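Undergrad: Have a look at this prediction, sequence included:
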Number of protein chains: 2
Amino acid sequence: MARQPILEFWYEFASTYSYLAAMRVEAAASEAGVAIRWRPFLVGPLFAAQGWTTSPFNLYPAKGKNMWRDVEREAARLGLPPVTRPAQFPQNSLSAVRVAILGQDQDWLVPFSKAVFTASFAEGRSIAEPAAVAQIVDSLGLDGTQTVRAAAAEANKTKLRVSVEEARSRGIYGAPTFLADDGELFWGNDRLEQALAWATGDRPKGLR
Amino acid sequence: MARQPILEFWYEFASTYSYLAAMRVEAAASEAGVAIRWRPFLVGPLFAAQGWTTSPFNLYPAKGKNMWRDVEREAARLGLPPVTRPAQFPQNSLSAVRVAILGQDQDWLVPFSKAVFTASFAEGRSIAEPAAVAQIVDSLGLDGTQTVRAAAAEANKTKLRVSVEEARSRGIYGAPTFLADDGELFWGNDRLEQALAWATGDRPKGLR
């Protein structure tokens, strides 16, 4: 049996388009016959390195205003619940991403990640405090307090830093990003279909 | 007979994704039963107002590198010729956009606009000099020298300034942008399908 193609899905919990991608990537990948490797990371350090102190959607108000409208439209088109804008945007995603990094090879990574996104963008809840993240972990039938504590251990924090550095060194500059195993990079929720096709070897004709 | 829905297509000659949109908008609009109003403008003044001195694809090299690759892939997917990167990017589009503004209600606006995009992104030619623009006008069987001269008249220059101000006041912050007649704004070549659907009254269910 041929090895199933793999596509990496790099996502950031504070990112609206990462949310849209997270809620549809499983079905789309399953239809394409591609295995998804979920890669949580932080875009903040990448943004900071290029001089941004907050999300570009805050830095550029006209762009930000339309982003929220676009996410509302796209969520409706995808059959997701109405988008609720969290009080703080972008939310501090450090505690959540540390837990996701801890769960990297665990079967709860995907349900945890989707629960964090849903809390933030469908329910408008804060995901910034460790207690809020612990509650989400609890809701999956795991021990939230213990998980959040384990996620804050030095070795896990280092693993997150290494992931961010890996993202940067592989050319990632925003989220979500899809990376094929030959290094081909697709930025944005709008490129999921192209990235899946690429992973299966279906490349546009005439491409140099 | 019901009035055909109208969608405005705001484009910038220096913009790679405006190129992709320009080459596919007619077929897509025809299939959707929507009339397209081509609206040439300049994004430079909008970028300058938010502190950008050049294209964000130059300001952020990782983003720029992937943009070129993405445009290559998308051009191939759309069946366009291989993308040729012009020596200068972004090209100075002032002379070309003045001619387009002059052609606003003329039947040569669309063929002229597509010829400018093709010269720039399929042939890698300069479109910056008035002589280069005149040559493109000539190739359409019109008088290039006279057209470029007429486009430089004060009244036409003012018309361009008014268009840019209209873009800004209607919430446009980049190109291409699609505007429905109720003011709904869709940014980017990737939103052409959604914008066409919106124009025909086909809105996502559950949208607030």
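TA: Looks like it came in fine. Residues are numbered from 1 along each chain as shown, chains lettered A, B, ... in the order given.
Undergrad: helix or strand for the closest residue to A:G64 other than its chain neighbours, which one?
TA: Leaving aside its chain neighbours, A:G64 sits nearest to A:F57 (3.7 Å; criterion: C-beta to C-beta, 6 or more residues apart in numbering or on different chains). Every residue, glycine included, has its C-beta placed from N, CA and C. Counting by DSSP states H and E, the element that carries A:F57 is helix A:56-59.
Undergrad: List the buried residues in that helix.
TA: A:F57 (16 or more other C-beta atoms under 10 Å in any protein chain shown).
Undergrad: Can you tell me what sits against that helix?
TA: A:T16, A:F47, A:W52, A:T53, A:K63, A:G64, A:M67, A:W68, A:F89, A:P90, B:Q50 (C-beta atoms under 8 Å, 6 or more residues apart in numbering or on different chains).
Undergrad: among these, which ones are buried?
TA: Buried residues within those, counting neighbours by 16+ other C-beta under 10 Å: A:T16, A:F47, A:K63, A:G64, A:M67, A:F89, A:P90.
Undergrad: Chain B: which of the residues you listed is nearest?
TA: Using C-beta to the nearest C-beta, A:K63 comes nearest to chain B of the buried ones among the contacts of helix A:56-59, at 4.8 Å.
Undergrad: That closest one contacts B:T177, doesn't it?
TA: No: using C-beta atoms under 8 Å, A:K63 is not in contact with B:T177, being 11.1 Å away.
Undergrad: any common contacting residues for these two?
TA: Taking C-beta under 8 Å, 6+ apart as the contact rule, A:K63 and B:T177 both touch B:W187.
Undergrad: Where do the strands of chain A begin and end?
TA: A:6-11, A:35-40, A:177-180, A:185-187 (DSSP state E).
Undergrad: out of those strands, nearest to B:A197?
TA: Comparison of the strands of chain A against B:A197 by C-beta to C-beta identifies strand A:185-187 as nearest, at 23.7 Å.
Undergrad: residues of that closest one that come out buried?
TA: Neighbour count says strand A:185-187 has A:L185, A:F186, A:W187 buried, by 16+ other C-beta under 10 Å.
Undergrad: And for stretch A:188-203?
TA: In stretch A:188-203, counting by 16+ other C-beta under 10 Å, buried: A:G188, A:N189, A:D190, A:R191, A:L192, A:Q194, A:A195, A:L196, A:A197, A:W198, A:A199.
Undergrad: Stretch A:91-104 now?
TA: In stretch A:91-104, counting by 16+ other C-beta under 10 Å, buried: A:Q91, A:S93, A:L94, A:S95, A:A96, A:V97, A:R98, A:V99, A:A100, A:I101, A:L102, A:G103.
Undergrad: I appreciate the help and will end here.
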